[in-house]
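> Need the 3D shape of this:
(chains A and B)
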Amino acid sequence: MRASRICPRSVIPTLMASVLSGLVGIGSASAKPEYVWGGKLDLTRGVSTVDGSAGGGIASWALISGNETRDGIGGTANVTALRSHNFTLTSYAAGIGAWDRYEVTLGGQDFDTGRTGGRLGLGNGYTFHQDILGLKARLFGDAVYDQDHWTPQVAVGAQIKSADHKAILHALGARRASGVDYYVSATKILLDRSLLIDATIRMTEANQWGLLGFGGDRRSGYQPQFEGSIGYLVTPRLLVGAELRTKPDNLRFAREGDAADLFAAVALSKTLSATLAWAEIGDVATLRRQSGLYLSLQAGF
Amino acid sequence: MRLHPASLFVALGLALPFTAGATEKPVDPYVQSDRNAGVTPIQGDGVYKAFHGKAGIDRIVHRLNGYHHTDPRISDLFHAADDQRLERTLSEMFCYVLGGPCHYTGRDMASAHKDMGVQIAHQNAQIEDLQKAMAEEHVPVWAQNKLLAKLAPLERVTVTR
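So this is what the prediction gives:
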C-alpha cells in the first residue's frame, strides 16, 4: 500500500490507503501497485487552460494534470500569455494531479488593459487580477485506453475565482467580485481516426472569465455555457485543432463575445509542452473583436 | 515450421504441448485460436499495406523487442522472456490484427501477462517504444494509431497491478 511506505508503523495510513484504493479502484492484497514516478503518454495530461486546469487553451478537458498515472501523484505548472492589439492577458498556475483522478490547481490571471484603461478612466496599463482555485475529479472512462466503445472520459470540476478591485468591478456593473464556476467535461480520443474531441458544459456567472466580476447590471445568475475542442494527432507529440468557448454577456457598459482559437500543442519533452494559438476572444471591455497570439508553456511531472 | 503436424490437433480444438521452433523453449499446453489475440482484426488490407506487410511487421516487432530489453522503464519485465517465441507470436498477432493473412498461435492475453506485474506506466512505456519502432519503419501516423486503437483495450487484461 502506498501510504504505508511513508509511515510503515502507523495503522492510520494503511487504513487511508485502503479507503483510497477502494475509491480509486486499484490495489489489492495480491497485486500491489508500486509507487512509480511519471509514465503518462505524451499530451494525455492535456495542456493548460487560462483557468489553470488541464484542457486545451480555452476549453477545459476531462484529462488530469501532471505526468502521473493511476499509481502516482504528480505536479503541473504553466504560464500563458495572450496578446491582442489592445491588451495582454497573462495566466499562471501550479497544481497536482493525483492517481490520474483528482486535480487541484492554484493560479491567477492578469488582464492588462493598456491604453483602454485610460479611456475607461482607470489609467493606462490598469490591470485587473483574479485568483483561481481549481478542483477536478474524473468520474469514469479512460480517454486513452477505452478504444473499443464510445464512452468518453468524464470529469466534474469547480473553479473558485476571486477578483481584485471590488469597487471598480461594482462601478462597471458587476454584482460580485468572486464566484464559483461548475463544469462537467467529456473528453474522448478516437485513436483510429487520430482525433481528440471534448465537450464541456460550464455553469457560470463570470464576466470575462471572472476578471470583470460575476453577474451584472444586464443579466445575473448562473447560465450554462459551452466549451468544445477538436484536435487531430499529426504525430503522437503534435495535436492541432480548434476550440470554442461561449461566455455570458452580463454587463451593460460593454458587450462580451464568445472566444475561439486555432491551436497547435506539442510535447517538447516528457516534462514540457507548448501551445501556440491564434485566439479570437470577441468584444472585451468596449474593445471590438479582439484577437491575438496565444503562447502557453506547461510542465508536468 | 509453419506446417507442424500439431496444427491438425489445433484444428480439432485439442490442447497440446507446443514446440514451434527449434530454439523456442517449450511452454505449457494451451488451445490455439485467433481469439487468443483478444481483438478482432481490422477490415480491408489498407493498414496492413501501410505496415509494409509481414516483412514490415517482423522488422517492427524485432525493433520493439530490442527496446523491451534496452528501455530501463520496462527491461526488468522482459529478463526471462523467450525472445524467439515472443517475436514470432507478437508478429503473428500484429499481422492478424492488421488484417493480414496470419493466424495467431500464442496464448491468450491474460495468461501471457499473468505473472509480469505490468503497471500502466509500463504499458505506456511499451506503447512509446512501439511508436518508435513503427516510425522507424516509416508507418504513417494514421496507420500507427489504427493498430494502437485495437491494442489499447487489452490494457484491462495486460495491466495486472
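> closest point of chain A to chain B, which residue?
A:Gly39 (2.8 Å; Cβ to the nearest Cβ). Where you see a C-beta, it was placed from the backbone N, CA and C, and this is true even at glycine.
> so which helix or strand takes in the residue minimising distance to the centre of chain B?
The centroid of chain B falls nearest to B:Leu90 when counting by Cα atoms, centre = their mean (2.1 Å). For B:Leu90, the element it lies in under DSSP states H and E is helix B:83-97.
> Show me what that helix is packed against.
Using 3 or more Cβ pairs under 8 Å, 6 or more residues apart in numbering or on different chains; DSSP states H and E, the elements in contact with helix B:83-97 are helix B:53-70, helix B:141-151.
> would CSV of these with mean neighbour count be doable?
Below are these laid out as CSV (neighbours: other Cβ atoms under 10 Å in any protein chain shown):
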stretch, mean neighbour count
helix B:53-70, 18
helix B:141-151, 21
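> right, so of these, which gets closest to A:Gly241?
helix B:141-151 (15.1 Å; Cβ to Cβ).
> quick one: contacts for the residue nearest to the centre of chain B?
B:61, B:64-65, B:106 (Cβ atoms under 8 Å, 6 or more residues apart in numbering or on different chains).
> Which one of those residues is nearest to B:Asp34?
Closest approach to B:Asp34 among those (Cβ to Cβ): B:Gly106, at 10.3 Å.
> which among the contacts of B:Leu90 gets closest to A:Gly179?
The nearest one, if we look at these relative to A:Gly179 and count by Cβ to Cβ, is B:Leu64, at 51.2 Å.
> if I look at that closest one, how far off is B:His138?
With the distance defined as Cβ to Cβ, to the nearest Å, B:Leu64 ends up 15 Å from B:His138.
> Check B:Arg107 too.
31 Å.
> now B:Asn145
Distance of B:Asn145 to B:His138, given as Cβ to Cβ: 15 Å.
> State the distance from the closest residue to chain A within chain B to A:Arg101.
At 2.8 Å from chain A, B:Ala121 is the closest residue in chain B, using Cβ to the nearest Cβ. B:Ala121 sits 15 Å away from A:Arg101, taking Cβ to Cβ as the criterion.
> who's more crowded, the two?
Taking neighbours as other Cβ atoms under 10 Å in any protein chain shown, B:Ala121 and A:Arg101 compare with B:Ala121 leading, 25 against 18.
> tell me the secondary structure for the more buried one?
Classification of B:Ala121 by DSSP: H, G, I helix; E, B strand; the rest coil places it in helix.
> do B:Ala110 as well
helix.
> Contact partners for it?
Residues near B:Ala110 by Cβ under 8 Å, 6+ apart: B:Val157.
> and if you look at the one 10 residues further on?
By Cβ under 8 Å, 6+ apart, the residues touching B:Ile120 are A:39, A:69-71, B:155, B:159.
> how far away is it from B:Lys132?
Taken as Cβ to Cβ, the span from B:Ile120 to B:Lys132 is 19 Å.
> again, but for A:Asp181
A:Asp181 sits 40 Å away from B:Lys132, going by Cβ to Cβ.
> Check A:Gly157 too.
From A:Gly157 to B:Lys132 the distance is 34 Å (Cβ to Cβ).
> Which one of those two is surrounded by more residues?
Legend: neighbour count by other Cβ under 10 Å for A:Gly157 and B:Lys132, higher for A:Gly157 (25 against 16).
> Wait, that one touches A:Lys136, no?
Yes - the pair A:Gly157 and A:Lys136 passes the contact test of Cβ atoms under 8 Å, sitting 3.8 Å apart.
> So for these two, which residues contact both of them?
Joint contacts of A:Gly157 and A:Lys136 (Cβ under 8 Å, 6+ apart) are A:53, A:60, A:103.
> Report the mean per-residue pLDDT for stretch B:71-79.
Averaged across stretch B:71-79, the pLDDT comes to 93.
> For the contacts of B:Ile120, pick the one with the most neighbours.
Most surrounded of these: other Cβ under 10 Å gives A:Thr69, at 27 neighbours.
> Tell me the buried residues in stretch A:203-216?
For stretch A:203-216, burial by neighbour count (16 or more other Cβ atoms under 10 Å in any protein chain shown) applies to A:204-216.
> In helices only, show me the residues you listed.
Secondary structure assignment by DSSP state H places none of these in helices.
> Reformat these into a markdown table and put pLDDT next to each item.
Formatted as a markdown table, those follow (pLDDT from 0 to 100):
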| residue | pLDDT |
| --- | --- |
| A:Thr204 | 98 |
| A:Glu205 | 97 |
| A:Ala206 | 97 |
| A:Asn207 | 96 |
| A:Gln208 | 94 |
| A:Trp209 | 95 |
| A:Gly210 | 96 |
| A:Leu211 | 95 |
| A:Leu212 | 94 |
| A:Gly213 | 96 |
| A:Phe214 | 97 |
| A:Gly215 | 97 |
| A:Gly216 | 96 |
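> Now do the SS call for B:Asp129.
Secondary structure assignment for B:Asp129 (three-state DSSP): helix.
> What distance do you get for it to A:Met203?
From B:Asp129 over to A:Met203 the distance is 43 Å, taken as Cβ to Cβ.
> Quick check: bridge partners of B:Val27?
B:Phe18 (DSSP bridges).
> Nearest spatial neighbour of B:Ala152, chain-adjacent residues omitted?
Spatial nearest neighbour of B:Ala152, chain neighbours left out: A:Gln147 (4.1 Å); criterion: Cβ to Cβ, 6 or more residues apart in numbering or on different chains.
> Correct me if wrong: that neighbour contacts B:Leu147.
No - the criterion here is Cβ under 8 Å, and A:Gln147 misses it with B:Leu147 at 10.8 Å.
> thinking the residue of chain A closest to chain B is in contact with B:Gln126, fair?
No - using Cβ under 8 Å as the test, A:Gly39 is too far from B:Gln126 to be in contact (11.1 Å).
> Show me which of B:Arg107 and B:His138 is the more surrounded one.
Set side by side, B:Arg107 and B:His138 show more neighbours around B:Arg107, with 19 against 9, by other Cβ under 10 Å.
> How about that one: what's its closest non-neighbour residue?
Once flanking residues are discounted, B:Arg107 sits nearest to B:Tyr30: 5.2 Å by Cβ to Cβ, 6+ apart.
> One more: B:Pro140?
Closest residue to B:Pro140 apart from its sequence neighbours, by Cβ to Cβ, 6+ apart: B:Ala50 at 5.8 Å.
> wait, what's in contact with that neighbour?
B:139-140, B:142-143.
> so what's it scoring on pLDDT?
At B:Ala50, pLDDT is 98.
> Could you do B:Pro17 as well?
44.
> B:Thr23: neighbouring residues, count only.
Neighbour count for B:Thr23, taken as other Cβ under 10 Å: 9.
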